[in-house]
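>>> no letters, just coordinates:
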């Protein structure tokens, strides 16, 4: 985030009230639990919200203001919910530090959004084709890590040679992952997979020890570059529609639960703060229904009871 940017009422940035409001926004955005990527998104949304109400400060906003803003926001329900979550987080923080006397978002609820992640689960054969057809060693490893560990793309591209340590009795290894809000977790890797990663580390890390980087610049891989790698691999494997890196995370959770992994293990591996988030994968890929228990006779011709 650019520290010189004024989020609220830029035309009045010299007023005492405006300076105070912007310090409050700055304080919220720079909490240690908010990642750089989230900072950028939060700032963008807060800037848009307060620009909509030019002339009003943080303490002037009411529940009605937020309701009207969301109603006028010409976006999909999921995007409206994102805006509400950010505004709610900001006012919860402001209320907690006693900058405002009440939280105007407390009575607001998110819109119901049809769950679409079920359409973002790849078949195992699709993923295997993507891995098999990828000739670049680094890109192939990225595909494997995204699928077999279910890491977020931001977590995967941040891995370095110090992220791994061998488990006791050489049964595998632990991968240290820095997740959302700088939360650190350990993900266990089977021994054979760790051997592949370790062999790669010996020859393929950059000067900073990063696993994934741009060979031309030696700088760490960006989210956009990782996205392009996934898309190109999907095109080669004739996967349609083209997936994003996050589809690998959905696929990892669904396939591992289908294979018998306990939900709490999947929760810990993926870094979900709530088990309810992981629980949605329990029935993500239905393989049977009540129709499975009924006899279906193809092209069976029955006589209508009213034709007699």
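In hand now; what should we look at? If you're wondering where the values come from, they're calculated on a predicted model, not measured in any experiment.
>>> got the domain boundaries for the protein?
Segmentation of the chain into domains, based on automatic domain parsing, reads 10-96, 118-283.
>>> got those domains as JSON lines, with mean neighbour count, distance to residue 104 and mean pLDDT columns?
In this view, the C-beta of every residue, glycine as well, is placed from N, C-alpha and C. What follows is the domains of the chain, written out as JSON lines (neighbours: other C-beta atoms under 10 Å; distance: least, C-beta to C-beta, whole Å; pLDDT from 0 to 100):
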{"stretch": "domain 10-96", "mean neighbour count": "15", "distance to residue 104": "5", "mean pLDDT": "89"}
{"stretch": "domain 118-283", "mean neighbour count": "17", "distance to residue 104": "25", "mean pLDDT": "91"}
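>>> where does residue 234 fall, phi/psi-wise?
phi -70, psi -40 (degrees, to the nearest 10).
>>> rewinding a little: wait, which of the domains of the chain is closest to residue 102?
domain 10-96 (6.8 Å; C-beta to C-beta).
>>> scan this structure for its longest helix.
If you go by DSSP state H, the chain has its longest helix at helix 77-96.
>>> packing partners of that helix?
helix 16-29, helix 36-52, helix 63-72 (3 or more C-beta pairs under 8 Å, 6 or more residues apart in numbering; DSSP states H and E).
>>> reformat these as a markdown table; add distance to residue 146.
Shown next, in a markdown table, are the helices and strands packed on helix 77-96 (distance: least, C-beta to C-beta, whole Å):
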| stretch | distance to residue 146 |
| --- | --- |
| helix 16-29 | 29 |
| helix 36-52 | 17 |
| helix 63-72 | 34 |
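>>> how close does the closest residue to residue 93 other than its chain neighbours sit to residue 178?
The shortest distance from residue 93 to any non-neighbouring residue, by C-beta to C-beta, 6 or more residues apart in numbering, is to residue 28 (5.0 Å). When distance is defined by C-beta to C-beta, to the nearest Å, residue 28 is 22 Å away from residue 178.
>>> can you pull the contacts of residue 172?
166, 188, 189, 190, 191, 193, 194 (C-beta atoms under 8 Å, 6 or more residues apart in numbering).
>>> could you redo these as TSV and give each row secondary structure and distance to residue 122?
Below are the contacts of residue 172 laid out as TSV (DSSP: H, G, I helix; E, B strand; the rest coil; distance: C-beta to C-beta, whole Å):
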residue	secondary structure	distance to residue 122
166	strand	31
188	strand	23
189	strand	21
190	strand	21
191	helix	26
193	helix	19
194	helix	24
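>>> and of the residues you listed, the nearest to residue 111?
Closest to residue 111, out of all of those and judged by C-beta to C-beta, is residue 188, at 38.2 Å.
>>> I'd say that closest one and residue 168 touch.
No. Using C-beta atoms under 8 Å, residue 188 is not in contact with residue 168; the gap is 11.5 Å.
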